[in-house]
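Trainee: could you work out the structure for the sequence below:
(one chain, ligands or ions: 1)
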Amino acid sequence: MLGFSDPFSSEVKPRILLMGLRRSGKSSIQKVVFHKMSPNETLFLESTNKICREDVSNSSFVSFQIWDFPGQIDFFDPTFDYEMIFRGTGALIFVIDSQDDYVEALSRLHLTVTRAYKVNPDINFEVFIHKVDGLSDDHKIEKQRDIHKRANDDLADAGLERIHLSFYLTSIYDHSIFEAFSKVVQKLIPQLPTLENLLNIFISNSGIEKAFLFDVVSKIYIATDSSPVDMQTYELCCDMIDVVIDISCIYGLTGDEVGTPYDKESMAIIHLNNTTVMYLKEVTKFLALVCFLREESFERKGLIDYNFHCFKKAIEEVFDVRLKVQRSRKLLSQRRWSRQTVPNGTQVHPH
Ligand SMILES: Nc1nc2c(ncn2[C@@H]2O[C@H](COP(=O)(O)OP(=O)(O)OP(=O)(O)O)[C@@H](O)[C@H]2O)c(=O)[nH]1
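Mentor: Numbers count the residues shown, from 1 in each chain. Model (predicted):
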């Protein structure tokens, strides 16, 4: 049963499927984004031989599964309950290796997307044109245009123009994979406008220039204020989270404790040499707020902390409301179901 005290229990987590042909880079993406593996180490990842692999992340705000698609996999396999899986999925990420011939990948993409759409038209279809680190800028754009055109032509030929595909250029060797993942996750958070609004109010009342709400484990930002995101700022935030977690792992755990060293006490302040201050604070067990502000503004730290306290409470309320709605929906559907299944037409009267 869901506890109201834990507003970030699994029901709130957006569910994502990661699919694509063999060796397209799925395991690497998962290891780099969710397990802090360094990109070079992925060279030694073994190929998975299983038809379908499931991997749900419990330590993060995001929950997801990975599906490998070797050539022979088939949707008519009865052991493969794809209908059930597609039904509960928010986003389907299809990874295409841009350094390889992508004809087969495109036909797999088409098959997968059309199948998934039939089961659940609400899925967001996200295509990662992956491993672009080896390509020049011109080449990247050209590849994206070509893949975009071919994939959409295939859909148009099948009379399925209404299926929308989003494309991202990604690589595990830079921050593009984290940024793409952030955008995918943000689309799945219905409270996003509310979170943005809260961040806007928080920063304007605290003299802060930019604030991100981060999923600590994956370094995906699930929301930011409405000022534009610049890649360098985002990268600095990722580095700060790494520093905080690394130091906490070494010095933050007492005795034989296991698990993450990230908790209610977690916070960090970094003074950069350009009179900017970075301030990180724990919001929930999955989320951290990372702010950028000028040194002068940081003199009013008491005010910032008070505003942060209000911000944190508001965030908890936002997710509480969502849980309550989900709970009452569940109850309603249970009642409907039991009414339908009562024998001899006996009515069950809900209170
Ligand atoms: N250059 C480059 N190589 C990458 C990138 N991502 C993954 N790779 C490499 O691609 C190879 C295959 O990656 P995997 O993650 O094993 O691919 P997979 O899709 O999980 O493969 P299967 O387990 O066989 O389905 C590895 O050698 C990775 O190092 C990337 O962004 N750039």
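Trainee: can you list the residues of this protein near the ligand?
Mentor: 20, 22-28, 42-43, 45, 47-48, 68, 130-131, 133-134, 171-173 (C-beta under 6 Å from any ligand atom). Bear in mind the C-beta positions are built from the backbone N, C-alpha and C, glycine included.
Trainee: now, the residues you listed that are in helices?
Mentor: With helices taken from DSSP state H, the overlap with the residues of the chain next to the ligand comprises Lys26, Ser27, Ser28.
Trainee: make a markdown table out of those and add pLDDT and neighbour count.
Mentor: Shown next, in a markdown table, are those (pLDDT from 0 to 100; neighbours: other C-beta atoms under 10 Å):
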| residue | pLDDT | neighbour count |
| --- | --- | --- |
| Lys26 | 87 | 26 |
| Ser27 | 83 | 20 |
| Ser28 | 88 | 21 |
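Trainee: of all those residues, which comes closest to Gly302?
Mentor: Set against Gly302, the nearest of these by C-beta to C-beta is Ser28 (44.8 Å).
Trainee: once you drop chain neighbours, what's closest to the closest one?
Mentor: Thr42 (3.7 Å; C-beta to C-beta, 6 or more residues apart in numbering).
Trainee: from Ser204, how far out is the one you found?
Mentor: Going from Thr42 to Ser204 by C-beta to C-beta, to the nearest Å gives 42 Å.
Trainee: neighbour count winner among those two?
Mentor: Neighbour tally, Thr42 and Ser204, criterion other C-beta atoms under 10 Å: the higher count belongs to Thr42, 17 against 11.
Trainee: which pLDDT value goes with the more buried one?
Mentor: For Thr42, the pLDDT comes out at 79.
Trainee: check Thr170 too.
Mentor: For Thr170, the model assigns a pLDDT of 95.
Trainee: can you report phi and psi for it?
Mentor: In terms of degrees, to the nearest 10, the main-chain angles of Thr170 are phi -130, psi 160.
Trainee: which helix runs longest in the protein?
Mentor: The chain, longest helix under DSSP H: helix 301-341.
Trainee: which other helices and strands contact it?
Mentor: helix 192-206, strand 287-294 (3 or more C-beta pairs under 8 Å, 6 or more residues apart in numbering; DSSP states H and E).
Trainee: how far out from the middle of the chain is that helix?
Mentor: 20 Å (C-alpha atoms, centre = their mean, to the nearest Å).
Trainee: same check, this time on stretch 156-168
Mentor: Counting by C-alpha atoms, centre = their mean, stretch 156-168 comes out at 22 Å from the chain centroid.
Trainee: neighbours of Thr114, just the number please.
Mentor: 15.
Trainee: isn't it up against Leu160?
Mentor: Yes: using C-beta atoms under 8 Å, Thr114 is in contact with Leu160, at 6.3 Å.
Trainee: so what are the domain limits for this protein?
Mentor: 15-188, 191-253+260-327 (the TED database).
Trainee: pick out the shakiest of those domains, pLDDT-wise.
Mentor: Of all those, the minimum mean pLDDT falls on domain 15-188 (a mean of 83).
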